[in-house]
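> Model the following, please.
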Amino acid sequence: MHYRRLGRTGLKVSAFCLGTMGWNWFTEEQTAFSIMDAFVEHGGNFFDTADFYSRWIPGHRGGESEEVIGRWLKARKNRQQVIIATKVYQPMGDGPNERGLSRKHIIEGVDESLRRLQSDYIDLYQAHAFDAETPIDETLRAFDDLQRQGKVRYVGASNYPAWRLMEALWKAETGHTLRYDTLEPHYNLVHRAEFEQDLKTICEQYQLGVMPYSPLANGFLSGKYRRGEAASGARAASVMRRYDNAKAWHTLETVSQIAQETGSTAAVVSLAWLLAQPVITAPIIGASSPRHLQTNLAALDLTLTADQLKRIAEASAWQEA
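Numbering: from 1, shown residues only. The predicted structure is shown next:
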């Protein structure tokens, strides 16, 4: 596994981050343990979760993913060897103050996450989304206090619009508080504009680490969907609603051609393209089994040629040449 510096911090993280949203949802605990073990055995040290995972599932209360990680950390006794990133913002109850980035919700949220993770600190604590109702100064001051207390080491943002991210960096500088050192954006070959239009430049200029989620577009870039085929199931229908367009299919065709050239797969080529982008720190990959994980990790061994990168970039470009 290759390692990269996490933004301007001193942390060295593996070139892939393991996403754990499915733990105790569609991935049972023992399988999750096996996947995390395999990730570490292959040199991985970076895990991504959130307090909200998986509250939206009937019968779930939220925090299930953090709890599984906490039990794994306790069983393996390896807390110092791994980097844990979790998030706060999403509703964790029905009350008006049980969501968002207010001081109250952040302070209460971090203690609950620490309890579930069975840890006394969080390496990277992230704002899960943009909160239009809370002044950014309040959010940053709360994060700053948590770092001073030793509960978090670094903070980051996810799903932030460019203007709010820029405001947050400016407010941190003028207010002398902790600043965001990372961004977790939605970014992949068939969803490039949201990140590349403005956020990419900010991350480059201010040295933010970038951990894109959904790097395979919910499976679309794995090649398992076919143009013209009816979607079967709610998940497939959701994927097709988002990506069933000429540009996305042309991108997938180009990726699949290069996969044939390299003796690889469309998923591996798509991940290798992300790894080749200088601004990217660690794409967040999921896995349903250790074998599935190993398949994705094959992207670490694939170096795309300049011509292949150019063909992929041209096929997936969102802006006019």
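
> just checking, residue 271 touches residue 295?
No - counting by Cβ atoms under 8 Å, residue 271 sits too far from residue 295 to count as a contact (10.1 Å). (Each C-beta comes from the backbone N, C-alpha and C, glycine too.)

> residue boundaries of the strands in the stretch 51-200 of the chain?
83-88, 122-127, 152-158, 180-184 (DSSP state E, counting those that start in this stretch).

> Between these, which one is closest to residue 6.
Nearest to residue 6, of all the strands of the stretch 51-200 of the chain, is strand 180-184, at 6.5 Å by Cβ to Cβ.

> would you list the strands of the stretch 51-200 of the chain in CSV and tack on mean neighbour count and distance to residue 234?
Output for the strands of the stretch 51-200 of the chain, formatted as CSV (neighbours: other Cβ atoms under 10 Å; distance: least, Cβ to Cβ, whole Å):
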stretch, mean neighbour count, distance to residue 234
strand 83-88, 26, 24
strand 122-127, 26, 28
strand 152-158, 24, 24
strand 180-184, 24, 25
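
> More neighbours: which of residue 271 and residue 295?
Per other Cβ atoms under 10 Å, whichever of residue 271 and residue 295 has more neighbours is residue 271, with 27 against 16.

> how close does the residue in the chain sticking out farthest from the centre get to residue 259?
Distance from the C-alpha centroid of the chain, by Cα atoms, centre = their mean, peaks at residue 228 (30.3 Å). Residue 228 sits at a distance of 21 Å from residue 259 (criterion: Cβ to Cβ, to the nearest Å).

> before we move on, back to that, pretty sure the residue farthest from the centre of the chain is in a strand, no?
No - counting by DSSP: H, G, I helix; E, B strand; the rest coil, residue 228 is located in no strand; its state is coil.

> Spatially nearest residue to residue 155 (excluding sequence neighbours)?
Of all residues beyond its chain neighbours, the one nearest residue 155 is residue 143 (4.5 Å), with distances taken as Cβ to Cβ, 6 or more residues apart in numbering.

> try residue 199
Nearest to residue 199 is residue 162, by Cβ to Cβ, 6+ apart, at 5.1 Å.

> And the helices in this protein?
All helices of the chain, identified by DSSP state H, fall at 29-41, 64-76, 103-117, 136-148, 162-175, 193-194, 200-205, 234-243, 246-262, 266-275, 290-297, 306-316.

> For those, give me a markdown table that also has distance to residue 20.
Listed next are the helices of the chain as a markdown table, based on distance: least, Cβ to Cβ, whole Å:
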| stretch | distance to residue 20 |
| --- | --- |
| helix 29-41 | 7 |
| helix 64-76 | 5 |
| helix 103-117 | 11 |
| helix 136-148 | 22 |
| helix 162-175 | 25 |
| helix 193-194 | 23 |
| helix 200-205 | 24 |
| helix 234-243 | 18 |
| helix 246-262 | 26 |
| helix 266-275 | 18 |
| helix 290-297 | 12 |
| helix 306-316 | 28 |
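
> And these, which one averages the lowest pLDDT?
Per-stretch mean pLDDT for the helices of the chain is lowest at helix 234-243 (a mean of 84).

> next one: that one to chain centre, how far?
Remark: helix 234-243 is offset 20 Å from the chain centroid, using Cα atoms, centre = their mean, to the nearest Å.

> got it, and stretch 62-79?
The mean C-alpha position of stretch 62-79 is separated from the chain mean by 18 Å, Cα atoms, centre = their mean.

> what's in contact with it?
20-25, 29, 32-33, 36-37, 40, 47, 49-55, 82, 84, 86, 90, 92, 112-113, 116-119 (Cβ atoms under 8 Å, 6 or more residues apart in numbering).
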